[in-house]
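> Give me the fold of what follows.
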Amino acid sequence: MMGRRFEVDEESLPYLPGMMLAVIEALKDLGGSATIQELDERVVELEGVTEIEQSYQMKGSDNRPRVNYYLAWARTYLRRGGAIENSARGVWALTDQGQGIRSVKETQAIYDQVGLEEREKARLKRLAQKNAAPPIEELEDQGPGEEEDWKGKLLTVLGAMHPSAFERLSQRLLREAGFTKVEVRGKSNDGGIDGLGVLRVNLVSFQVYFQCKRWIGSVGSKEIRDFRGAVQGRADKGLFITTGHFTSQASDEATRDGAIAIDLIDGDRLCDLLKENRLGVSTEMIERVIVDADWFNSV
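As a prediction, this is how the structure comes out:
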């Protein structure tokens, strides 16, 4: 039995080369490709990361769990080192180089090389301008380039909403998604149930009870069990909406065999849904003008 490749606590930086190897092994275990959620959950499973470790949050405006934050950095190092690649749809895949990686010595080499390149870039930038950005080693003050900063800002806004306003927002979102007869119960003291709605799929309708919570940190398996207990015998499905994140144990509990399925919407997915439905989130296209000097020379 191989020991843990990295440890997660509330303060220190985890061993990133170990995380990088864990990402490689998780991708191999998943058939060579995975979404971010699939990849993070498999790393957590393979490494035996506990729910307590998954509950440790980043400080400041980025409220992601520390393990997910640093796994994003592990992916960034591996991508810059040519071991993995990601598509526009957010699917990560092993390259031929990544397929051949089997030891932490190899991921350490990538970590050292990428870090050296970034330090050189930072040095050149400092020569070009007085107020240079900090080098890549200062991970606490940065986030991986592929992570979307707008989601962090949106989650901060959502976290500041009054609970009743967040319930109304969830109600509106469900209606936009095709639910009918969506009711918000407010302070019903009904075992954590915040509302219910009906979802029609072709000729079949499902009654769905939902819980929506502004949550800082990770939602664990206990919260899912408690919610299921309130839903049991009263609805066809349950839906748990949160601004936080679900631990891998919570995800397993939500789909446990023989129990009512609980669908999960975490903060990341919630941001995507609000953006897709244009609820408080809009996008704008920026025009880029390119001058073709060769064209003018040919006139």
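> All the strands of the stretch 51-200 of the chain, residue numbers only.
Counting by DSSP state E, counting those that start in this stretch, one finds strands in the stretch 51-200 of the chain at the ranges 84-86, 91-94, 179-184, 195-201.
> Buried ones in the first one, by neighbour count?
Counting neighbours by 16 or more other CB atoms under 10 Å, one finds that the buried residues in strand 84-86 are 84, 86. For every residue, glycine as well, the C-beta is placed using N, CA and C.
> List of residues touching stretch 166-181?
Judged by CB atoms under 8 Å, 6 or more residues apart in numbering, the contacts made with stretch 166-181 from elsewhere in the structure are 158, 161, 182-184, 186, 194-200, 208, 210, 212, 214, 241, 273-274, 277, 279.
> Pull the distance from that stretch to the chain's centre.
Distance, stretch centre to chain centre, for stretch 166-181: 22 Å (CA atoms, centre = their mean, to the nearest Å).
> just for the stretch 101-250 of the chain, where's the confidence low?
Under the criterion pLDDT under 70, the flagged ranges of the stretch 101-250 of the chain are 129-148, 186-191.
> 80 instead, please
Of all residues in the stretch 101-250 of the chain, those with pLDDT under 80 make up the ranges 118-149, 186-192, 216-217.
> domain assignment for the chain?
The record, using automatic domain parsing to delimit domains, assigns the chain the ranges 16-122, 157-276.
> Start and end of the longest one, how far apart?
Its first and final residues considered, domain 157-276 spans 17 Å by CA to CA, to the nearest Å.
> if we can go back for a sec, which of the contacts of stretch 166-181 count as buried?
Under a neighbour-count criterion of 16+ other CB under 10 Å, the subset of the contacts of stretch 166-181 counted as buried comprises 158, 182, 184, 194-199, 208, 210, 212, 214, 241, 273-274.
> picking up where we left off before, adding distance to Ala128, write the strands of the stretch 51-200 of the chain out as JSON lines.
Compiled in JSON lines, the strands of the stretch 51-200 of the chain are given as follows (distance: least, CB to CB, whole Å):
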{"stretch": "strand 84-86", "distance to Ala128": "29"}
{"stretch": "strand 91-94", "distance to Ala128": "33"}
{"stretch": "strand 179-184", "distance to Ala128": "54"}
{"stretch": "strand 195-201", "distance to Ala128": "55"}
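> need the domains of the chain in JSON lines with distance to Glu287, can you?
As requested, the domains of the chain are exported to JSON lines (distance: least, CB to CB, whole Å):
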{"stretch": "domain 16-122", "distance to Glu287": "21"}
{"stretch": "domain 157-276", "distance to Glu287": "21"}
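> Buried residues of the longest strand that the chain contains, list them for me.
Selection of the longest strand in the chain by residue count, based on DSSP state E, yields strand 204-213. Using 16+ other CB under 10 Å as the test for burial, strand 204-213 gives 208-213.
> ok, residues contacting it?
Contact partners of strand 204-213, identified using CB under 8 Å, 6+ apart, comprise 166-167, 170, 174, 179, 192-200, 219, 227, 230-231, 234-244.
> ok, of the residues you listed, which come out buried?
Neighbour counting with 16+ other CB under 10 Å marks 166-167, 170, 174, 179, 192-199, 219, 227, 230-231, 235, 238-244 as buried within the contacts of strand 204-213.
> Let's see which of these end up in helices.
Secondary structure assignment (DSSP state H) places 166-167, 170, 174, 227, 230-231 from the buried ones among the contacts of strand 204-213 within helices.
> ok, those residues vs Pro14, which is closest?
Phe227 (31.0 Å; CB to CB).
> Could you double-check that that closest one lies in contact with Gly192?
Yes. Using CB atoms under 8 Å, Phe227 and Gly192 qualify as a contacting pair, with a distance of 5.1 Å.
> Chain neighbours aside, what residue packs nearest to Glu41?
Ser248 (4.7 Å; CB to CB, 6 or more residues apart in numbering).
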